[in-house]
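>>> could you look at this predicted model? Sequence included:
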Amino acid sequence: MASLPFTTPKFSHFKLSKTIKSFNSNEPIHPTQLNGTTKNHHTLYKSYFHTISSLCKDGQIQQAVDLLTEMDSKNLSVGPEIYGEILQGCVYERDLFTGQQIHAQVLKHGAFFARNEYIETKLVIFYAKCGAFDVANNLFSRLRVKNVFSWAAIIGLKCRIGLNEEALMGFSEMQENGFLPDNFVVPNALKACGALLWLGYGKGVHGHVVKVGFDGCVFVASSLIDMYGKCGALEDARKVFDAMIERNVIAWNSMIVGYMQNGMNEQAIGVFHEMRMDGVEPSQVSVSSFLSASANLGAIGEGKQGHAIAVLHGFELDSILGSSVLNFYSKVGLIEDAELVFDKMLEKDVVTWNLIISSYLQCGLIDKALDMCHLMRSENLRFDCVTLSSIMTAAANSSNIKLGKEGHCYCIRNSLQSDVVVASSIVDMYAKCGRIDYAGHVFSSTTNKDIILWNTLLAAYANVGHSGEALKLFYQMQLESVPPNVASWNSVILGFIRNSQLNEAKEFFSQMQLLGVHPNLITWTTLITGLAHNGFHDEALLVFQEMQESGIKPNTVSISSALSACTNVTSLQHGRAIHGYAIRHDLGSQISVSTALVDMYAKCGCLSRAKRVFDHISSNELPVYNAMISAYALHGQAGEALAVYKNLKEAGIEPDGITFTSVLSACSHTGLVNEGLEIFIEMASKHHLSPSMEHYGCVVSLLSRSGRLDEAFRLILTMPYEPDAHIIGQLIAKCREHNEIELVEHLSKYLLELEPDNSGNYVAISNAYATAGMWDDVSEIRDLMKEKGLKKSPGCSWIQIGEKLHSFIAGDGSHPNTENIQATLALLGIDMKSSA
DNA sequence: ATAGGGTTAG
């Protein structure tokens, strides 16, 4: 390439004329220094022109205008070039007011000036640059002679205000009118292509560029890289980049940004390094994009380097670069560093505030996030869509409907509710605060619904098991030409599961695959959890297997669910296999997995393994302690259960209701009456927990087991709950043990009168009779149920009865499998398959 | 004596 006609000369001219003129030895003499008698008219005019011209280039418009008035008063006739210079000065300074006054003077001077092509073009450029869109457009449309300059100005303007289609229409039109686009318009056209993702048009422009030989222009090449980057054509971007002979920092930046915005963060980081190796000084834009790439990757080392480079280059942490640093620290979880950067930043804009707010929300610091919102307001900044979505998230996560409503009102007052992201967050907030009706209203009143909004409401219905509503929405979205994605299918399936429609869930699971929608981790996990939770343990395990075969790596939730399925079918073999899988995939020490493992081993009769898992936990968290306590309770080792309870308190963990259920049931199973009662009192006095029905149940059983039936009965009468089937059932069982048959009958009658149509009670009473070995009575109750035409309860309750009958028959306390239980229950005429 | 252009954060 012989020369670079587009870079050096024009660019340097532009810069030099503005800055270096004042150091020039040929500095123009001020007109007043001239002696009017000795100099002729022409020299005086030239002197005025030069002075005005350099004043304008120095940004001293007012002085230039004063000289113009001075010329007028001396009756020196002012030529178009002087007006042109001043208008250009107004463009540099974006001084709309002065420019308008010059425009008025031009008009006053009559048609000679007003219809001068140079001045007319300058005026269009001036108005276009100063953002007076209508005036610029109007003047342009009335131009008798259009040229490349005026076209460029108007195309540039349309580009800047986002009218990209119009910009490109102008670009085509100027060519139709015989103007060849120069290397100054092309970048604007390319910018519009990039914004519209019109790759084809952009390639056409690229063709023109090559044909006329603009490819040596850094401006054009950078714009091409940017355009290809925006359109996701990174290979084309790279080709242009590699072909560049001379690259400036903007070309490098365009390449880095292109990679970063397309998720190719490693490449972005690579180009940043290449650039530094090439000896090109990074700009703030380079560092900012590099930080974004590091943040996206969670690359802590790189991001910290980026921060260091910014400091070493003496870059101010302005609102943009500072926000990039802040975003990086927040994304990699270094919240303290993010806070430090935030405090150090001098100029903060809405984006900066939004970042610190969402950083706090990310680590669950809702109050701090809200404090920041207040501070932001006191700095006179207005909330925008992002702030409002954050506030809604805060309200949703803390079920604070008051806050949510306040935010909603703010949205309405500031017309933010039409933003689809905000609308989704409002829908989600109302749903999470239990007002699904409000969620529906907000949804309906949002005009531009995108798939996220549809999915938000769909997920809300699914969560509460409104499968019918979910299904309706699922069909409606398709009628409105929004094709459901995998998340939509997931919600429909979840809706069915939450409404115990397992067959429908499975049906939709196969339908989505037939339609070519691939189930993702969430789909599989939903199905596995749903099956396990509804008693279809074998099937849950099969699906867990299928999931792995389809190449999806299980997460902790699916592993825990599978383990719970193993627990319920007491399949130690499967459970151990899953344990092995979890260890191989580094999920074995995850707290939810450890908890499920302890539970599985304990319920599969392998208390020593449960203890071994518990001894190897890496973090002290309540659920796994609870599982271990309940494991000991199950195995009747109340002493050990109490020891774990003590450890838990020593570790500074606050026990919850579940802890007490396990401890109390351990005590009740082993007859540790005094310890149990003491803990029951401690629960309310020390830990401020109000006992649930279940806790009372444990204490009732504790008392009744040790023969203190009177006290048990009194507790039932004084507790703040209506006695339920379970608690009465326990008492019934004890009464039976103490041969209080009359009391048993009495209590059963009481219970069935209390809730004559609650099939759960019948099962519970059966359970009580089963515990007491009164199998005839079990059959009797079952017949009564049949007479009443009551729907049978889920299979799991019958499984307990079946287990008891089995061990009664077998007499060895062995753990029956599902088939054993089914066979045993058949003796009582109970068909478990149909009752599940 | 004669105009102007590209990149960045949630």
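Cool, the structure landed.
>>> switch to C-alpha atoms for all contacts and neighbour counts from now on
Fine.
>>> where along the stretch 51-200 of chain A do the helices fall?
Here the stretch 51-200 of chain A has its helices, by DSSP state H, counting those that start in this stretch, at A:61-73, A:80-93, A:96-108, A:111-114, A:117-129, A:133-141, A:148-160, A:164-176, A:186-196, A:199-212.
>>> including mean neighbour count, could those go into a markdown table?
As requested, these are exported to a markdown table (neighbours: other C-alpha atoms under 10 Å):
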| stretch | mean neighbour count |
| --- | --- |
| helix A:61-73 | 17 |
| helix A:80-93 | 22 |
| helix A:96-108 | 16 |
| helix A:111-114 | 15 |
| helix A:117-129 | 24 |
| helix A:133-141 | 16 |
| helix A:148-160 | 23 |
| helix A:164-176 | 17 |
| helix A:186-196 | 25 |
| helix A:199-212 | 16 |
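>>> quick one: contacts for the closest residue to DNA strand B within the stretch 551-700 of chain A?
Residue nearest to DNA strand B within the stretch 551-700 of chain A (C-alpha to the nearest atom of the strand): A:N555, separated by 25.9 Å. Residues near A:N555 by C-alpha atoms under 8 Å, 6 or more residues apart in numbering: A:L521.
>>> downstream of the helix or strand harbouring A:G468, the next helix or strand is which one?
Taking DSSP states H and E as the definition, A:G468 sits inside helix A:467-479. Proceeding N to C from helix A:467-479, the next assigned helix or strand is helix A:486-498, under DSSP H and E.
>>> tell me what that next one is packed against?
For helix A:486-498, the elements it packs on are helix A:451-463, helix A:467-479, helix A:502-514, helix A:521-533, judged by 3 or more C-alpha pairs under 8 Å, 6 or more residues apart in numbering; DSSP states H and E.
>>> as TSV, the ones you listed with mean neighbour count would be great.
Formatted as TSV, these follow (neighbours: other C-alpha under 10 Å):
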stretch	mean neighbour count
helix A:451-463	23
helix A:467-479	17
helix A:502-514	15
helix A:521-533	22
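>>> could you dump the ones you listed into CSV and include mean pLDDT and distance to DNA strand B?
Formatted as CSV, these follow (pLDDT from 0 to 100; distance: least, C-alpha to the nearest atom of the strand, whole Å):
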stretch, mean pLDDT, distance to DNA strand B
helix A:451-463, 96, 17
helix A:467-479, 96, 28
helix A:502-514, 95, 32
helix A:521-533, 94, 24
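>>> flag every buried residue along stretch A:581-592.
Residues of stretch A:581-592 classed as buried: A:A582, A:L587, A:G588, A:S589, A:I591, A:S592 (neighbour count, 16 or more other C-alpha atoms under 10 Å).
>>> show the end-to-end separation of that stretch, please.
15 Å (C-alpha to C-alpha, to the nearest Å).
>>> not counting its own residues, what contacts that stretch?
In contact with stretch A:581-592 (C-alpha under 8 Å, 6+ apart) are residues A:556-557, A:559-560, A:579, A:593-594, A:616-619, A:621, A:623-624.
>>> repeat for stretch A:212-225
So stretch A:212-225 is in contact with A:4-7, A:183, A:186-187, A:190-191, A:206, A:209, A:236-238, A:240-241, A:244-248, A:250-251, A:254-255, A:258, going by C-alpha under 8 Å, 6+ apart.
>>> can you list the residues of the stretch 501-650 of chain A near DNA strand B?
If contacts are counted using C-alpha under 7 Å from any atom of the strand, no residue of the stretch 501-650 of chain A sits beside DNA strand B.
>>> out of the contacts of stretch A:581-592, which end up buried?
A:T556, A:V557, A:I559, A:S560, A:H579, A:V593, A:S594, A:I617, A:E621, A:P623, A:V624.
>>> which ones among the residues you listed lie within helices?
A:T556, A:V557, A:I559, A:S560, A:H579, A:V593, A:S594, A:P623, A:V624 (DSSP state H).
>>> got a list of what the fourth one touches?
Going by C-alpha under 8 Å, 6+ apart, A:S560 touches A:S592, A:V593, A:A596, A:L597.
>>> which SS state does the residue nearest to A:S618 when sequence neighbours are not counted fall under?
Nearest residue to A:S618, sequence neighbours excluded (C-alpha to C-alpha, 6 or more residues apart in numbering): A:S589, at 6.4 Å. Look at A:S589: counting by DSSP: H, G, I helix; E, B strand; the rest coil, its state is coil.
>>> for A:S589, grab phi and psi.
A:S589 has phi and psi values of phi -100, psi 0 when expressed as degrees, to the nearest 10.
>>> ok, A:C363 next?
Dihedral angles (degrees, to the nearest 10) for A:C363: phi -100, psi 20.
>>> quick check: it vs A:S608, distance?
37 Å.
>>> how about A:A111?
103 Å.
>>> one more: A:S779?
38 Å.
>>> which of the two has more neighbours?
A:S779 (18 against 12; other C-alpha atoms under 10 Å).
>>> residues making contact with stretch A:314-322?
A:284-285, A:287-288, A:310, A:323, A:341-342, A:345-349, A:351-352.
>>> filter these down to the ones in strands?
Among the contacts of stretch A:314-322, the subset assigned to strands under DSSP state E is empty.
>>> by neighbours, which of those wins?
A:S323 (27 neighbours).
>>> for the closest residue to that residue other than its chain neighbours, give me its contacts.
In space, and not counting its chain neighbours, A:S323 is closest to A:T352: 5.3 Å by C-alpha to C-alpha, 6+ apart. Shown here is A:T352, whose contacts under the criterion C-alpha under 8 Å, 6+ apart are A:S319, A:G322, A:S323, A:L326, A:F342.
>>> got the residues of the stretch 251-400 of chain A near DNA strand B?
A:251, A:253-254, A:257, A:261, A:284-286, A:288-289, A:292, A:319-321, A:323-324, A:327, A:349-352, A:354-355, A:384-387.
>>> quick check: nearest residue in space to A:V464, chain neighbours excluded?
Nearest to A:V464 is A:R498, by C-alpha to C-alpha, 6+ apart, at 6.8 Å.
>>> list the contacts for the one you found?
A:A462, A:N463, A:V464, A:G465, A:H466, A:S467, A:G530 are the contacts of A:R498 under C-alpha under 8 Å, 6+ apart.
>>> A:V145 touches A:I119, doesn't it?
No. Using C-alpha atoms under 8 Å, A:V145 is not in contact with A:I119; the gap is 11.5 Å.
>>> where does the closest residue to A:V351 other than its chain neighbours land on pLDDT?
The shortest distance from A:V351 to any non-neighbouring residue, by C-alpha to C-alpha, 6+ apart, is to A:S323 (7.3 Å). A:S323 is assigned 95 on the pLDDT scale.
>>> which residues sit in contact with A:S323?
Shown in contact with A:S323 (C-alpha under 8 Å, 6+ apart): A:L317, A:V351, A:T352, A:L355.
>>> cool, and A:L157?
Here A:L157 is in contact with A:A128, A:K129, A:G131, A:F133 (C-alpha under 8 Å, 6+ apart).
>>> repeat that for 10 Å
A:125, A:127-133, A:136-137, A:151, A:163-164, A:167, A:188 (C-alpha atoms under 10 Å, 6 or more residues apart in numbering).
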